[in-house]
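K.L.:
This is the structure alone, sequence omitted:
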Ligand code: NAD
């Protein structure tokens, strides 16, 4: 049984409460570690440590800060196998996926922002009247970063790396459901020589640690990724305190498939975009709209491709669908499958819990599930399920599919499948989502703005957007005398 510690002021420490939370291995359905059940007292210590570290960290030349962050990136790479295994055990995702995506992208986050600060230039605005303005962008101070369980280290570092690179000190909270790789990251930071207090990781529940971070008057900015209702809670607490907020929230993403698409590529990628990580990626396409002339053929081939997926032990190389993250989440997803049936949906494939033999007999597995026969506006097609469940529907015209696609409260990402250039631009412009992937999915360039419209979030992460969020802009206006 591993005991996870908080990382405060450069040291690995126990929580003030001396209490711990169970951490489960979802593939086994068993407790395998314990994580601090921290509270406001631990957050207070973390804030004090971060405040003491801030003057030196924020004034450190960018090159030195960059070197330290590069060492963390190198530390992630040096611990690649250990981190990937930990992520798989902690989350239920396949080891193959942790190796292909989560851990490499976590290292990339540090590489990207460590090098970006070496190229940062701030704006300057010249005035003919004889004045010059320049924008001074300085770090905010102590910032809070709160992340979810679905891509644990990947999304944790996606916030921490730009916050630190911009010169802030951080109080961070990973999900209590998947705390392991954040803990391993604290060991990597110590090894890399990150000065004490620059990054503090406080483990525990959202209602205690997350709430304390959001409420703390010493934390003027919060970057949060998680569910929409949690985002609403955070906004309610943070807004009266006028905190800067970046909210990356839920999604119910459409995949829009026109009859002129590159069929094989579309089929292959839409299987991936529906079921990768058991459908537990905020960017997964769970509403699949297919132009009517292609509908029956696509549906048949899609069902066949889904049946070829292998639900199994996440550590096995052949497994394509691992465990869902928790028992509560398993029941939530299964309840949505029941709801789909009540709403008149037909289960084309899947629909059940999977009971594996051997080691994983008590694990939390669900068959990848495809449903048809539902209207675009029923609950199954409007609410975020966040599991291996997708719904397929036909459409006849562009106007109709845009109505369907834009009908939910969410607006995170969409994917569009067509070889028609004019249609691509037309539909991409009309989709109310922060990201539109055309003939691809999950292709990420870290320089681009990342985030959602409507109830999928407020603000954007990525590239300079993250730097803008993690800095305060000050305009310095200098008037000089014109020679007469
Ligand atoms: P969640 O909202 O339950 O938890 C996210 C984090 O917030 C956790 O660390 C949790 O402990 C903390 N938290 C909970 N209550 C809090 C409170 N009152 N104050 C402060 N912090 C609190 O989300 P989850 O179940 O971990 O993750 C799944 C959700 O995240 C899905 O809705 C998914 O779409 C969303 N998500 C969005 C993105 C994106 O980039 N938009 C990426 C990944 C996941």
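P.N.:
Structure received. Since the structure is predicted, the reported quantities are computational estimates derived from the model, not experimental observations.
K.L.:
center of the protein, which residue is that?
P.N.:
Residue closest to the mean C-alpha point of the chain, counted by CA atoms, centre = their mean, is residue 155 at 4.6 Å.
K.L.:
wouldn't it be in contact with residue 147 here?
P.N.:
Yes - using CB atoms under 8 Å, residue 155 makes contact with residue 147 at a distance of 4.7 Å. (C-beta placed from N, C-alpha, C; glycine too.)
K.L.:
who touches both of these two?
P.N.:
residue 225 (CB atoms under 8 Å, 6 or more residues apart in numbering).
K.L.:
ok, the closest residue to residue 301 other than its chain neighbours - how many residues close by?
P.N.:
Leaving aside its chain neighbours, residue 301 sits nearest to residue 267 (5.7 Å; criterion: CB to CB, 6 or more residues apart in numbering). Other residues lying near residue 267 total 19 when counted by other CB atoms under 10 Å.
K.L.:
Next SSE downstream of the helix or strand harbouring residue 267?
P.N.:
Assigned by DSSP states H and E, residue 267 belongs to helix 263-275. Proceeding N to C from helix 263-275, the next assigned helix or strand is strand 285-291, under DSSP H and E.
K.L.:
and that next one, is it in reach of the ligand?
P.N.:
No - with CB under 6 Å from any ligand atom as the criterion, the ligand is not reached by strand 285-291; the gap is at least 10.5 Å.
K.L.:
buried stuff in the helix or strand following that strand?
P.N.:
As assigned by DSSP H and E, the chain's next helix or strand after strand 285-291 is helix 292-307. Of all the residues in helix 292-307, those buried under the rule 16 or more other CB atoms under 10 Å are 294, 295, 298, 299, 302, 303, 305, 306.
K.L.:
now the angle from helix 292-307 to helix 263-275?
P.N.:
Computed by axes from the mean of the first three to the mean of the last three CA atoms, to 10 degrees, the angle separating helix 292-307 from helix 263-275 equals 60 degrees.
K.L.:
Go through the next helix or strand after helix 292-307 and flag the buried ones.
P.N.:
Using DSSP H and E, the helix or strand that follows helix 292-307 in sequence is helix 327-342. For helix 327-342, burial by neighbour count (16+ other CB under 10 Å) applies to 329, 330, 333, 334, 336, 337, 340.
K.L.:
try stretch 147-164
P.N.:
Applying 16+ other CB under 10 Å to stretch 147-164 flags 147-164 as buried.
K.L.:
And for stretch 367-376?
P.N.:
367, 368, 369, 370, 371, 372, 374, 376.
K.L.:
from these, which ones fall inside strands?
P.N.:
369, 370, 371, 372 (DSSP state E).
K.L.:
Which residue ranges make up each domain of this protein?
P.N.:
According to automatic domain parsing, the chain comprises the domains 2-249+456-475, 253-438.
K.L.:
ok, for residue 142, nearest residue in space, not its chain neighbours?
P.N.:
residue 50 (4.2 Å).
K.L.:
What residues does the one you found make contact with?
P.N.:
By CB under 8 Å, 6+ apart, the neighbours of residue 50 are 142, 169, 170, 171, 197, 198, 200.
K.L.:
what does residue 392 give?
P.N.:
By CB under 8 Å, 6+ apart, the neighbours of residue 392 are 288, 289, 290, 298, 299, 302, 348, 370, 371, 372.
K.L.:
Tell me what it is bridged to.
P.N.:
residue 288, residue 372 (DSSP bridges).
K.L.:
Roughly how far does it sit from residue 409?
P.N.:
Distance, residue 392 to residue 409, by CB to CB, to the nearest Å: 21 Å.
K.L.:
For the closest residue to residue 411 other than its chain neighbours, give me phi and psi.
P.N.:
In space, and not counting its chain neighbours, residue 411 is closest to residue 453: 3.3 Å by CB to CB, 6+ apart. Main-chain torsions, residue 453, degrees, to the nearest 10: phi -90, psi 180.
K.L.:
What is the burial count for residue 453?
P.N.:
16.
K.L.:
From residue 433, how far off is it?
P.N.:
Relative to residue 433, residue 453 is positioned 6 Å away (CB to CB).
K.L.:
Show me where this structure dips below the pLDDT cut-off.
P.N.:
For the chain, applying pLDDT under 70 flags no range at all.
K.L.:
which bits of it sit near the ligand?
P.N.:
146-150, 155, 173, 175-176, 206-207, 210-211, 214, 225-227, 230, 233-234, 248-251, 282, 384, 386, 412, 452, 456-457.
K.L.:
one more time with 5 Å
P.N.:
146, 148-149, 175, 206, 210-211, 225-227, 230, 233, 248, 250, 282 (CB under 5 Å from any ligand atom).
K.L.:
how about the domains of the chain in CSV, adding distance to residue 482?
P.N.:
Converted to CSV, these look like this (distance: least, CB to CB, whole Å):
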stretch, distance to residue 482
domain 2-249+456-475, 4
domain 253-438, 45
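K.L.:
Is residue 414 in contact with residue 431, as I believe?
P.N.:
Yes - between residue 414 and residue 431 there is a contact at 4.9 Å, judged by CB under 8 Å.
K.L.:
Between the two, which contacts overlap?
P.N.:
254, 405.
K.L.:
can you tell me the residue of the stretch 1-150 of the chain closest to the ligand?
P.N.:
residue 148 (3.1 Å; CB to the nearest ligand atom).
K.L.:
In the chain, where's the longest helix?
P.N.:
helix 40-59 (DSSP state H).
K.L.:
next one: it to chain centre, how far?
P.N.:
Distance of helix 40-59 from the chain centroid (CA atoms, centre = their mean, to the nearest Å) equals 25 Å.
K.L.:
Next, the contact list for residue 198, please.
P.N.:
Contacts of residue 198 (CB under 8 Å, 6+ apart): 50, 53, 57, 164, 169, 170.
K.L.:
Residue 170 is in contact with the second one, correct?
P.N.:
No - counting by CB under 8 Å, no contact exists between residue 53 and residue 170, whose distance comes to 9.7 Å.
K.L.:
more crowded one of these two?
P.N.:
Remark: of residue 53 and residue 170, residue 170 carries more neighbours, 25 against 22, as counted by other CB under 10 Å.
K.L.:
Endpoint to endpoint, stretch 381-400 covers what distance?
P.N.:
This stretch, stretch 381-400, spans 15 Å end to end (CA to CA, to the nearest Å).
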